[in-house]
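K.L.:
Quick one: sequence plus predicted model below, questions after.
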Amino acid sequence: MNYRNTDLPAEVVRYVVAPGSAASSVIVRGVQAQLAVGLAQGRCTRARPTREKFARGREERGMAERSFATEVLKLRQGAGKTFTGEGILAVTKALLQSGVAYVGGYQGAPISHLMDVLGDAHEILEELGVYFENSASEATAAAMLAASVHYPLRGAITFKSTVGTNVASDALANLASGGVTGGALIIVGEDYGEGSSIMQERSHAFAMKSQMWLLDPRPNITAIVNAVETGFELSEASNTPVMLELRLRSCHLHGSFVAKDSIRPPMTVKDAIENPVRDLSRIVLPPASFLHEQEKIAKRWPAAVKFIRERGLNEVFGDGTADVGIIVQGGLYNTLNRAMELLGCSDAYGRTRVPIYVMNVTYPVVDSEILDFCAGKRAVLMVEEGQPDYIEQNLNAILRRAGATAALHGKDLLPAAGEYTATAVTRGLSTFLHTYLPDALDGEPALLLPDDDPRSPFAVRVAPPVVQPRPPGLCTGCPERPIFSALKLAERETGQHHVSADIGCHLFAINEPFNLGATTMGYGLGSAGAAALNSQDADHRTIAIMGDGGFWHNGLTSGVGNAVFNNNDQLLVVVDNAYSAATGGQDVLSSKADNPIRSTKHPIERAVRGIGVRWARTVTNTYKVAELRDLFVQALTTKEPGPKVIIAQSECQLNRQRRVKPENAKAIKAGKRVVQERFGVDADTCTGDHACIRISGCPSLTIKPNPDPMRTDPVATVLDSCVGCGVCGANAHAASLCPSFYRTDVVHNETWLDRTLAWLRSAWISVLSGRVERRAAEFEVA
Amino acid sequence: MSSWVDGQRPITIAILAMGGEGGGVLADWIVAMGERAGYTAQNTSVAGVAQRTGATVYYVEMFPPPRGNPAAGGRLEPVLSVFPTPGEVDIVIASELLEAGRAIQRGFCTPDRTVLIASTNRVYAISERIALGDGRVDSNELLEAAHRGSKKFIGTDFMQLAEQSRSVISASLFGGLAGSNVLPFSREEFEAAVCDSGKAVDTSLAAFALGYQAAQQPPPQPTPRPVAPKREPVPVAIGRRPSGDGAAVAAAEEEQRRAVATTDPGHLVGPGLQNQAKRVGTEFPEAARSMLLRGCARTAVYQDPSYTDRYLDRVARLAALEPDPSGEARLTTEAARHVALWMCYQDTIHVALQKIRRARLAGVRAEAHAAPGQLMQVREYLHPQIDEITDTLPTRLGRWLAGSAFSRKLVARLTRHGMVVNTTSIIGFTMLWVMARMRPLRPRSLRFGREQQAIDAWLDLAVATAADDYALACEIVECQQVLKGYGQTHQHGTESFTKLIEAAATLAALPDAAPALARLRSAALADEDGKALQAGLAAIQNQPTTRSA
């Protein structure tokens, strides 16, 4: 079976490289890889801001995965200046240009950096009287928009979707019911398609169910900035919260727009607090809630449609050029235009020979605009990514109700599921145009050729099994690696356990080489995911994993509290790496760092004991694998009832190295004594069985050709990227691996004591080794 | 003609890298350079997971400055795509050879259009690293694909160039891009982008210069496929040596060595082994001599020259059965290899010796990048287990200790946490030195007796088989390959070995016994719990039982 014909989406193919025969296993692996990818990134970034003193403080702690300290200065640019930068930076500027009064959110790719930018822009926000907070969860962020219900305050929140939207949906539903006075903008980072770290669903459903409006701007910086500004206006014009969908690639898009002045909100949070207002009709409780539902249909929807039409938020191109047309989500416009360029019916500036209706607002659908566009057309193609096909269904209802004759195509010609890449759209569009408007076609891109045509870009030019998948994994030196090494070793003694995984880097443990973890039910839900697997009769305990980020997000109550209350016998491992590491190093309550604008250093162990856990241990050095293994065994065998909680603490190396590396370089330059550690493997002693790799998976621990001509299997080796974290040595000990591992300590700027000792040692060693070498020289040739 | 075909299209560049390699920085440099020259430039990536060592794609589009006024009816700015389109990518930059393969597989890199700039080093995927044996994919195949799948291939070890300049691979690749002359920008414009970024400018420019220069050189060619199945490790385009060349150098060296082994075998061993060398030169097939001489030196260093005699006696048993001694002599060569490896099993005495050799300590220094004279300490992570200790003791003492519950417990407690020995300290080195000096005790040790017995049994079987089925005998000899590792891993290997040898006896009656045993051997190395081997063995039992069937 040719795996190519299984139509795997690009995002799956990316990781899966198909060991020829069994396509099914390929798909399974692909899905696994995707899962892995997914969760890991779960949410990605770091946050917070401020004055120079603070910025410096943070740099010293090496917190930020990425600092925007210099970029945020651009936020001060005034009217007429060309603002160049990344999508998320532009969004921040657009918020300030709109007179936003407060901003909140929860980090997580693809909008993590938006939280980080806001954090780094703290000073500017304060100058303008804008309130900013790092919300405890997406639900917190969404509830924060309550400030716009009674007060004419413009507020914006941000999180990744659809996971964050799921968490926030309770608050969002209540917000949408009562409606808003001030503009309320929910900026969702749509994590869909290649590189996504979560389940593949659409945010569209949330907009529909709560009747919030959904903007889907073109991937273009100016379009995104405009969407932010008009989003607030639309929200106010229709008393409805507005969702702004930023697709994965748009968030990291580089481009420019012409800036306006940032403005101070006409009413600030302070003004609102000092002048409280309440209006019973806006509170979600019958009978008001019944009225809200009517109001959505009778007043807010028409108001929104009027605004959208009057402001021309949706665009039509190539009107009148042909009697067929294309309707496209704004976010897919650039991809569509590229497909049309390839097929010869548009050019680089979007001058199309087929009419296009661009839905920059994808909900609500404006019936009259659709009918106008479809009038006199034989056929229309709806380009709508993801499933279900909400918009297509909606269009069918509109057209049928109006008795329109245009044939509507969509998911019958385009893929029913998966990302709409240039390939997917070009192929679908080609079929559509071949059927209805062959004259418009003036090009046959190679990707339309059958895969077995030698000119096809997909013709097999490299044997599929050679291109191995490369899923993301734990970084070099990651403190989570020894946790899973220890868990694997503990299982050698206690037998296998059901492991309930969670979202965070620790989810990478489901892959090689650890293969630990059976399910992941959501951020902070590792413990809850093991709730049912609790039996007093079982002689085996369930293990749950949770990160510190997930713990504070909701795990403390949904997991630990629940386990205490229900006498759950599980072992919960809380991975505490000193901040929300997977999302980029944002502080959480238990962070070790001093943070001048947040309250940190609240130990997780105190929290779990406070909620009723009796067996809790905190390990402060996860790199001691043997000790951790023993503790796991103890927790898995103790007679103590109720949940057993182990808090495994060590700092995220990705962030730590960002701090330590420059410090060391500086110290060496300044003539201070610095010892640099790294590990190595003796090729002579290594027998090439790679047991060490199977228990670690560290990127720096790899293989190389065997230098011994008598042996053929590659030997283990340690790359220069080794940070000397110690896991190799600890594993060699804990797992009784082999005597090949060694650590080198190279001393920079040695002292006289160092030198004397070194002289003595080398003198002694050279005496002893002289005899050894003389004997060997009898037999060996140098 | 459509505007696209007509060339009114952006320059498209896809960068395939792994998280943490600076692919984003590289993309930023390209965009900055383009914008400075008036291009409309866009750069997208899928961040997040990318930062966690996974494969990722960065994508850049640059549209040239408009000539004249933009025509009516369209947008003011060119509409750029956020996805690389298969078959439409002008330049692919890959930070590693397998990622170049991925670019070809995904259709980004195509022979009609794409200039491929790829680093030829390998960063092994986890699937390649966790195999019990050799799980590496064929780098030669990747190199062939790079030639076959691109319009122009610029390849060198950009990683090594970066390390040479103490920089990162993004800088040397940027130099490679400049040196490829595919972009309409001068070297100065490239360098300006690096300078403007303001970070680690000097080292980046150094790596850039090396990459620029390397791009002028022809890329490494894949080595022609060997006619016979390969017997020697041929490191092709892997590791840190210049790819392609490494393989050629290694092959040439081996060829030379073989010639010397034929004409002057004594030249390849020390003065203490001249008699043995003479014996190799007269009694053994030519093709096996190079390997035999290696075995001689190894066994002598391991124990003493009389042990070497024993080695040669053992291999001679199989050499005598060689049907064509002037030919390939596979049985003898493989026996020369595997008998030596088994006879020099890794016990504590030998490990101690390996740790204190001068060449080893020099190699460690080099790997740690310690400057001459710079102070460096080496700490060994050792974890001797009760079995390894009793194995080294004289048979009777060892047996007593191994059998005593008290002593087992005592030793287990003493060694529970393992030990860290500083080989560069006086005490540590002396300890290891004393351990290595225990060599004369070895022949009286528990393990020695056990191993010699097992070796002879294994060779007996090979000898008995060789007359009927030469190929099967070769495979039996090669089964020694599964005996590797220490502790549990070694124990697992021993179990696999036993099963393989038992299977070999069964297989002897079947057609195609040799390839069947080879498959079983791969199965034994496929996993750690022995499932694959078990499945393979079960399959054999369901086969017809006689050759005539």
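P.N.:
The structure has been received and is ready for your questions.
K.L.:
if I pick residue B:183, what's in contact with it?
P.N.:
Contact analysis of residue B:183 by C-beta atoms under 8 Å, 6 or more residues apart in numbering or on different chains lists B:11, B:91, B:177. To be clear about C-beta, it is placed using only N, CA and C from the backbone, and glycine gets the same treatment.
K.L.:
Could you measure from it over to chain A?
P.N.:
Distance, residue B:183 to chain A, by C-beta to the nearest C-beta, to the nearest Å: 17 Å.
K.L.:
next one: residue B:304
P.N.:
9 Å.
K.L.:
count of neighbours near the closest residue to that residue other than its chain neighbours?
P.N.:
Of all residues not flanking residue B:304 in the chain, residue B:439 sits nearest, at 7.9 Å (C-beta to C-beta, 6 or more residues apart in numbering or on different chains). Neighbours of residue B:439 under the rule other C-beta atoms under 10 Å in any protein chain shown: 18.
K.L.:
got it, and the one 5 residues further on?
P.N.:
Neighbour count of residue B:444, defined by other C-beta under 10 Å: 14.
K.L.:
Was I right to think it contacts residue B:397?
P.N.:
No: at 9.3 Å, residue B:444 does not count as touching residue B:397 under the criterion of C-beta atoms under 8 Å.
K.L.:
show me the contacts for residue B:517.
P.N.:
Residue B:517 makes contact with B:472, B:475, B:476, B:479, B:500, B:503, B:504, B:507, according to C-beta under 8 Å, 6+ apart.
K.L.:
For it, give its distance to residue B:332.
P.N.:
The spacing between residue B:517 and residue B:332, counted by C-beta to C-beta, to the nearest Å, is 19 Å.
K.L.:
Can you pull out the low-pLDDT segments for the stretch 51-200 of chain A?
P.N.:
A:51-66 (pLDDT under 70).
K.L.:
residue boundaries of the strands in it?
P.N.:
Using DSSP state E, counting those that start in this stretch, the strands of the stretch 51-200 of chain A run over residues A:82-86, A:102-105, A:131-134, A:155-161, A:184-190.
K.L.:
of all those strands, which lies closest to chain B?
P.N.:
With C-beta to the nearest C-beta as the criterion, chain B lies closest to strand A:82-86 of the strands of the stretch 51-200 of chain A, at 7.5 Å.
K.L.:
what's the neighbour count on residue B:136?
P.N.:
Neighbour count of residue B:136, defined by other C-beta under 10 Å: 22.
K.L.:
I'd say it and residue B:124 touch.
P.N.:
Yes: under the criterion of C-beta under 8 Å, residue B:136 makes contact with residue B:124 at 6.5 Å.
K.L.:
from memory residue B:100 sits against residue B:92, does it?
P.N.:
Yes: using C-beta under 8 Å, residue B:100 and residue B:92 qualify as a contacting pair, with a distance of 7.4 Å.
K.L.:
Which residues are in contact with each of the two?
P.N.:
Here residue B:100 and residue B:92 have B:16, B:109, B:116, B:118 as joint contacts, going by C-beta under 8 Å, 6+ apart.
K.L.:
can you list the residues of the stretch 151-300 of chain A near chain B?
P.N.:
Contact residues (C-beta under 8 Å from any C-beta of the partner chain) of the stretch 151-300 of chain A with chain B: A:194-195, A:197, A:219-220, A:222, A:248-250, A:252-255.
K.L.:
Right, I'll call it a day here.
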